[in-house]
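Novice: Sharing a model prediction with you, sequence too.
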Amino acid sequence: MKMNNGHWTSETVARKKILQAVAKYYRLFKEQENLGNQKISYAGRVFDEKEMCRLTEATLDFWLTSGRFTKEFEERFAEYLGVTYVSTVNSGSSANLIAFSALTAPELGERRIRRGDEVITVAAAFPTTVAPIIQYGAVPVFVDITIPQYNIDVSQLEAALSERTKAVFVAHTLGNPFDIKAVKTFCDRHRLWLIEDNCDALGSTYCFNEEERFTGTVGDIGTSSFYPPHHITMGEGGCVYTNNFTLHRLIRSYRDWGRDCMCASGEDNHCGHRFDGQYGELPRGYDHKYVYSHFGYNLKITDLQAAIGCEQLKKLPKFVELRRYHWQKLYDGLADLKDRIILPEACPNSKPSWFGFLLTVRDGIDCHKVICTIEGSGIQTRRLFAGNLIKHPCFDEMRKSGQGYRVVSSLTNTDRVMKDSFWVGVYPGLDDQKIDTMIRIIRKAL
């Protein structure tokens, strides 16, 4: 806020009145929203007047592109996770794209992922974990998952390995960490990159080498999503993080048009050599702000989004606590139905920040009918993303040609999940009454 000779300026007074009005509006808005909300959602945004006021502050600044709020969010997010470098992007899918793009850079030498190289992953995934692999001409190698943890089956890693393998790229499913120790040991033994898709697991921890670490921080690169259903929201948004400066520089380059310059928006000559470098076959002294070392994108967020994220991040510890509480309440309420459903289990040595409560029906029970009964009672459900991504239309041409991907063994559990699994929400917007209703309806449906 601005002061002039010890007095608030008229601009500051006007801003204060606007923010007070926004806080009042939020309370009226929330009352109306609650009146019309009958359905029990699988997820949703949880916020209060603080997010609305922060968003309004960013609007009044009218900087719009990445600025002071983006810088604040990146610094606080890095501090929360205990990582060195954080780069915000406009979605979790963009985060995965940028993370993979960075590993294709020439600066990485023999470890660079090239066309035809292989990347180990799973087919029971959200498509944008796999899409960058294919879009860059690499080959996804699919291994099966385990039930009831629903994560990568680490016993198949060695069988998936070939002389072309360069990386492992997998997600922590619905907040449940995969076996990080086994995957990281495998990657280290064979000099492979590890990208942790952490979009559904923000706040999950894993005991790695006798140290509790946040998921997304053990591998070479981690990614997060801030889409409304996720652990915190910016509406749209995501980020990429690493402790490796070389990867950080590449991430920033691919995110920011592929340029060589590291200057923040509105900043000039951060390196001190803007007009005296030699790059490629450009004239010596060519403006460094317009030197492009990679074929990149523009995937930055706006300060409007970041302002919301700054307030959401303060709520994250409580959000994580509520997710765990709701998950356990659902588990306890359905525990006596193990003859009809397979209940989810946390990965050993982990403390999940659950994204959802995943159920697999036993043989002889029609999952489709169960889902329709639950949905018909006003409770939202979701499948485990793609189920088996290879079965989807986007794989039609590759499936028919038998080229472009590789499958290790059979995907028995992946197909089981596609046929017999679904999940319901545990997000912080729920309460005991809604959880009890969910338990009652699920029991009735089974």
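Specialist: Yep, that arrived.

Novice: okay, now the domains of this protein?
Specialist: For the chain, the structural domains run 1-37, 68-304, 314-445, going by automatic domain parsing.

Novice: Please identify the most buried of the ones you listed.
Specialist: Taking mean count of other Cβ atoms under 10 Å as the contact definition, the stretch among these with the greatest mean neighbour count is domain 68-304, which reaches a mean of 20. In this view, the C-beta of every residue, glycine as well, is placed from N, C-alpha and C.

Novice: Please dump the domains of the chain into TSV; it should also carry mean pLDDT for every row.
Specialist: Output for those, formatted as TSV (pLDDT from 0 to 100):
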stretch	mean pLDDT
domain 1-37	78
domain 68-304	97
domain 314-445	97
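
Novice: can you give me the helices in this protein?
Specialist: According to DSSP state H, the chain carries its helices in the segments 10-35, 49-61, 68-81, 92-102, 127-135, 157-160, 180-189, 245-255, 303-334, 367-376, 396-401, 412-420, 432-445.

Novice: Which among these is found nearest to residue 354?
Specialist: The closest of these to residue 354 is helix 303-334. By Cβ to Cβ, the value is 4.2 Å.

Novice: What helices and strands are in contact with that closest one?
Specialist: Packed against helix 303-334, as judged by 3 or more Cβ pairs under 8 Å, 6 or more residues apart in numbering; DSSP states H and E, are the following elements: helix 49-61, helix 68-81, strand 356-361, helix 432-445.

Novice: out of those, nearest to residue 222?
Specialist: Comparing these by their distance to residue 222 (Cβ to Cβ), the top pick is helix 68-81, with 7.7 Å.

Novice: Give me the residues contacting that closest one.
Specialist: 54, 58, 61, 84-88, 214, 216-217, 222, 239, 241, 264, 300-301, 303, 306-307, 309-310, 313, 316 (Cβ atoms under 8 Å, 6 or more residues apart in numbering).

Novice: re earlier: quick one, which of the helices and strands packed on helix 303-334 gets closest to residue 200.
Specialist: Checked against Cβ to Cβ, the stretch from these lying closest is strand 356-361, at 8.0 Å.

Novice: Tell me what angle that closest one forms with helix 432-445.
Specialist: Put simply, strand 356-361 runs at 10 degrees to helix 432-445, going by axes from the mean of the first three to the mean of the last three Cα atoms, to 10 degrees.

Novice: Strand 356-361 pairs with which strands, and in what direction?
Specialist: When pairing is defined by DSSP bridges, strand 356-361 lines up against strand 341-342 (antiparallel), strand 421-425 (antiparallel).

Novice: what's the distance between it and the middle of its chain?
Specialist: Centroid separation between strand 356-361 and its chain, computed with Cα atoms, centre = their mean, to the nearest Å, is 20 Å.

Novice: CA atoms only: put that strand into PDB for me.
Specialist: Extracted as PDB, the C-alpha positions of strand 356-361 are listed here (Å, rounded to 0.1, in the frame of the first residue of the first chain):
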ATOM      1  CA  GLY A 356     -10.000 -40.000  -4.400                       C
ATOM      2  CA  PHE A 357     -11.300 -43.300  -2.900                       C
ATOM      3  CA  LEU A 358     -10.800 -46.000  -5.500                       C
ATOM      4  CA  LEU A 359     -13.000 -49.200  -5.400                       C
ATOM      5  CA  THR A 360     -12.800 -52.400  -7.600                       C
ATOM      6  CA  VAL A 361     -15.800 -54.600  -7.600                       C
END
